[in-house]
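**Q** only geometry, no sequence info:
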Ligand SMILES: Nc1ncnc2c1ncn2[C@@H]1O[C@H](COP(=O)(O)OP(=O)(O)OP(=O)(O)O)[C@@H](O)[C@H]1O
Ligand SMILES: O=C(O)[C@@H](O)C(=O)CO
C-alpha cells in the first residue's frame with residue numbers, strides 16, 4: 001500500500017521525483033499512464049502522465065483518474081509534480097490540474113514550490129530563478145513547447161486558476177516549520193487556494209515538507225518532496241531499507257536526445273568528441289521514416305558496450321524554423337515519433353541500457369517500447385536515476401535513464417555508463 005501517491009505531468013519529472021524519494025529511503029515505482037489495474041507494491045507510486053502540454057480537459061481527466069487510483073490503493077498523501085521551471089502555458093496545465101485535485105481531495109489549499117536548489121532552481125519573493133538568472137532570462141523563454149516569459153510565479157499561477165494565490169516569503173520559511181505552517185494556515189483562512197513558498201536552500205525544503213506533513217495535497221518540483229520521507233518515518237510508517245537496488249541487465253548502450261535545452265545541447269557538444277554520434281537534421285529532412293532509415297543505416301556495426309548518441313536536438317533558431325514550417329505541435333510530434341521509432345530499432349538490436357534526454361521525448365520513447373512501469377534505482381546526477389523496466393517481450397528488462405532536459409553534468413552521457 002503506497003504511503004505517498006504522486007502524479008507527474010511528464011516522464012522525466014516523474015523519475016526526478018522518484019529519485020528524491022528513493023534517496024530518502026522510500027521504495028518507488030513509476031507507473032506509465034493512468035493505472036488500469038492493481039498498483040505495484042512500493043512506499044511511493046508515481047503515476048507518470050504526458051499531461052504537461054496536453055489539452056487542459058485531458059490533463060485534468062487523467063490526473064483525477066490517477067488520483068483516484070492512488071487513493072483506492074491507500075495513498076495517505078497526494079503529490080502533484082510539475083517542472084522545477086514551472087513549464088506551462090497561460091492556460092495551464094498546472095493551475096487547472098491543481099484546482100481539480102484540491103477539489104477532489106477537499107483540501108481547500110495547497111502549497112506550490114518548484115524550488116530545486118541542487119539544480120539551481122530557487123524561489124525568492126515568489127520569483128523563480130535558474131542559477132543567477134530569472135526564469136524568463138534563463139533560456140526557458142525559448143522552450144519549444146512551454147516558453148516561460150514571466151518569473152513571478154504568483155502571477156503565472158494566478159493566470160491559470162480561479163483561486164487566489166498568496167506567498168510565503170523567504171523570511172518566514174527561514175524562521176522554521178511552525179512559522180511556515182502558521183503562515184500557510186493564515187493564507188488558507190484568508191481565502192487563498194495556493195501559496196507560492198520561497199525556498200533557496202535544501203534546509204528550506206525540509207522545513208516546508210515538515211510543515212506540510214498533514215496536507216492532503218502538495219504541489220511542486222521534486223525538491224519540495226525532500227522532507228516527505230522523514231514525515232512518514234516519524235509516524236512509524238517507513239522502515240529503513242536499501243531502496244535503490246536494481247537487478248542487472250546485459251546489452252548494448254545508447255543515448256537518444258530530443259531535448260533542445262541549453263544543458264542537453266551542451267551534453268551533446270561534449271559527447272560528440274567521445275562517442276559515435278549522429279545528429280539528425282530534421283529541418284532538411286522533415287520526415288520520420290526517412291530519418292529513421294538514416295539512423296538504422298548509421299547504427300549498423302556501432303552498437304556495443306560504448307554508447308552511441310543519436311540526437312534530434314537543435315538550437316532555438318533551427319527549432320523555430322521547423323515550427324514555422326510545420327507548426328509547433330506538429331514539429332514536436334514529428335521528432336518524438338522519429339526518436340520513438342529509433343528507440344524501438346535500438347532495442348530490437350540488443351540495446352538494454354538507454355538514456356533518453358527530454359520529458360516529452362521520454363514519454364514518446366517509453367510509450368513506443370510498451371513499458372508500463374519503472375522501478376527506480378540509483379542516482380546518476382541530481383534528478384536523474386537509472387530505472388529498470390520490463391519489456392513486453394523480454395522480462396529480463398532494460399535499464400532506462402529518463403533525463404530531464406535541463407539536468408545532468410556536461411559529461412552526463414558518458415558518466416551514465418561508468419561502472
Ligand atoms: N530539431 C528540432 N526541431 C523542433 N522541435 C524539436 C527538435 N528536436 C526536438 N524537438 C522537440 O522539442 C521538444 C522538446 O521537449 P522535451 O520535453 O523532450 O525536452 P525538454 O523540455 O528540454 O525536457 P524536460 O521536459 O525534461 O524539461 C519535443 O517535442 C521534441 O520533439
Ligand atoms: O523538475 C524538473 O525540472 C524536471 O523533473 C522536469 O520536470 C522535467 O520535465
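**A** That came through fine. Please read these numbers as outputs of a predicted model, since none were measured by experiment. Residues are numbered from 1 along each chain as shown. Ligands and ions are numbered 1, 2, ... in the order given.

**Q** quick one, helices of the stretch 201-350 of the chain?
**A** Assigned by DSSP state H, counting those that start in this stretch, the helices in the stretch 201-350 of the chain fall at 202-211, 228-234, 262-271, 288-299, 316-326, 328-348.

**Q** got those helices as CSV, with mean neighbour count columns?
**A** No exception for glycine: its C-beta is placed from N, CA and C like everyone else's. Compiled in CSV, the helices of the stretch 201-350 of the chain are given as follows (neighbours: other C-beta atoms under 10 Å):
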stretch, mean neighbour count
helix 202-211, 22
helix 228-234, 20
helix 262-271, 19
helix 288-299, 17
helix 316-326, 15
helix 328-348, 20
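
**Q** so which of those gets nearest ligand 1?
**A** helix 328-348 (3.0 Å; C-beta to the nearest ligand atom).

**Q** Need the mean per-residue confidence for stretch 386-394.
**A** Stretch 386-394 shows a mean pLDDT of 90.

**Q** cool, and stretch 348-356?
**A** Average pLDDT, stretch 348-356: 97.

**Q** Check stretch 89-103 too.
**A** 96.

**Q** What residues sit buried inside that stretch?
**A** 89, 92, 93, 94, 95, 96, 97, 98, 99, 100, 101, 102 (16 or more other C-beta atoms under 10 Å).

**Q** Please apply the same query to stretch 270-288.
**A** By 16+ other C-beta under 10 Å, the buried positions in stretch 270-288 come out as 271, 275, 276, 277, 278, 280, 282, 286, 288.

**Q** all strands for the stretch 51-200 of the chain, in order.
**A** With DSSP state E, counting those that start in this stretch as the criterion, the stretch 51-200 of the chain has strands at 77-81, 110-113, 121-124, 127-130, 133-134, 164-168, 192-197.

**Q** if we can go back for a sec, now tabulate the helices of the stretch 201-350 of the chain in CSV and tack on distance to ligand 1.
**A** As requested, those are exported to CSV (distance: least, C-beta to the nearest ligand atom, whole Å):
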stretch, distance to ligand 1
helix 202-211, 20
helix 228-234, 22
helix 262-271, 6
helix 288-299, 10
helix 316-326, 4
helix 328-348, 3
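
**Q** quick one: which of the ones you listed is nearest ligand 2?
**A** Per C-beta to the nearest ligand atom, nearest to ligand 2 of the helices of the stretch 201-350 of the chain: helix 262-271, 10.3 Å.

**Q** quick one: average pLDDT of that closest one?
**A** On average, helix 262-271 scores 97.

**Q** Helix 316-326 and that helix, what's the angle between them?
**A** Computed with axes from the mean of the first three to the mean of the last three C-alpha atoms, to 10 degrees, the direction of helix 262-271 lies at 110 degrees from that of helix 316-326.

**Q** Please give the centre-to-centre distance between helix 262-271 and its chain.
**A** Offset of helix 262-271 from its chain centre (C-alpha atoms, centre = their mean, to the nearest Å): 19 Å.

**Q** repeat for stretch 282-289
**A** Worked out by C-alpha atoms, centre = their mean, stretch 282-289 lies 27 Å from the chain centre.

**Q** So residue 399 versus residue 359, what's the distance?
**A** Per C-beta to C-beta, to the nearest Å, residue 399 is found 19 Å from residue 359.

**Q** For those two, work out which one has more neighbours and name it.
**A** The neighbour comparison of residue 399 against residue 359 (other C-beta atoms under 10 Å) goes to residue 359, with 31 against 22.

**Q** which one is the one residue in the stretch 51-200 of the chain that gets nearest to ligand 1 nearest to, not counting chain neighbours?
**A** In the stretch 51-200 of the chain, the residue that lies nearest ligand 1 is residue 144 (4.0 Å; C-beta to the nearest ligand atom). Leaving aside its chain neighbours, residue 144 sits nearest to residue 319 (5.1 Å; criterion: C-beta to C-beta, 6 or more residues apart in numbering).

**Q** you'd agree that neighbour is up against residue 328?
**A** No. Residue 319 lies out of contact with residue 328 (C-beta atoms under 8 Å); the separation is 9.3 Å.

**Q** Need the overlap of contacts for these two.
**A** residue 144 (C-beta atoms under 8 Å, 6 or more residues apart in numbering).

**Q** how deep is the spatially closest residue to residue 184 that is not a sequence neighbour tucked in, by neighbour count?
**A** Of all residues not flanking residue 184 in the chain, residue 195 sits nearest, at 5.5 Å (C-beta to C-beta, 6+ apart). Residue 195: 25 surrounding residues under other C-beta under 10 Å.

**Q** for residue 304, same thing?
**A** Neighbours of residue 304 (other C-beta under 10 Å): 13.

**Q** Not counting sequence-adjacent ones, nearest residue to it?
**A** In space, residue 304 is closest to residue 252, 5.7 Å off (C-beta to C-beta, 6+ apart).

**Q** The one you found contacts residue 302, doesn't it?
**A** No. Using C-beta under 8 Å, residue 252 is not in contact with residue 302, being 9.2 Å away.

**Q** what's the spacing between the residue of the chain most remote from its centre and ligand 2?
**A** Centroid-distance maximum for the chain: residue 301 at 33.4 Å, with C-alpha atoms, centre = their mean. Going from residue 301 to ligand 2 by C-beta to the nearest ligand atom, to the nearest Å gives 34 Å.

**Q** repeat for residue 77
**A** For residue 77, the distance to ligand 2 - C-beta to the nearest ligand atom - is 19 Å.

**Q** swap in residue 276?
**A** Residue 276 is 27 Å from ligand 2, by C-beta to the nearest ligand atom.

**Q** before we move on, the earlier item: tell me which of the buried residues of stretch 89-103 is nearest to residue 229?
**A** residue 101 (21.3 Å; C-beta to C-beta).

**Q** Let me see the contact set for the closest one.
**A** 7, 63, 64, 67, 78, 80, 107, 110, 217, 219.

**Q** could the residues you listed go into JSON lines alongside pLDDT?
**A** Formatted as JSON lines, the contacts of residue 101 follow (pLDDT from 0 to 100):
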{"residue": "7", "pLDDT": "98"}
{"residue": "63", "pLDDT": "98"}
{"residue": "64", "pLDDT": "98"}
{"residue": "67", "pLDDT": "98"}
{"residue": "78", "pLDDT": "98"}
{"residue": "80", "pLDDT": "98"}
{"residue": "107", "pLDDT": "98"}
{"residue": "110", "pLDDT": "98"}
{"residue": "217", "pLDDT": "98"}
{"residue": "219", "pLDDT": "98"}
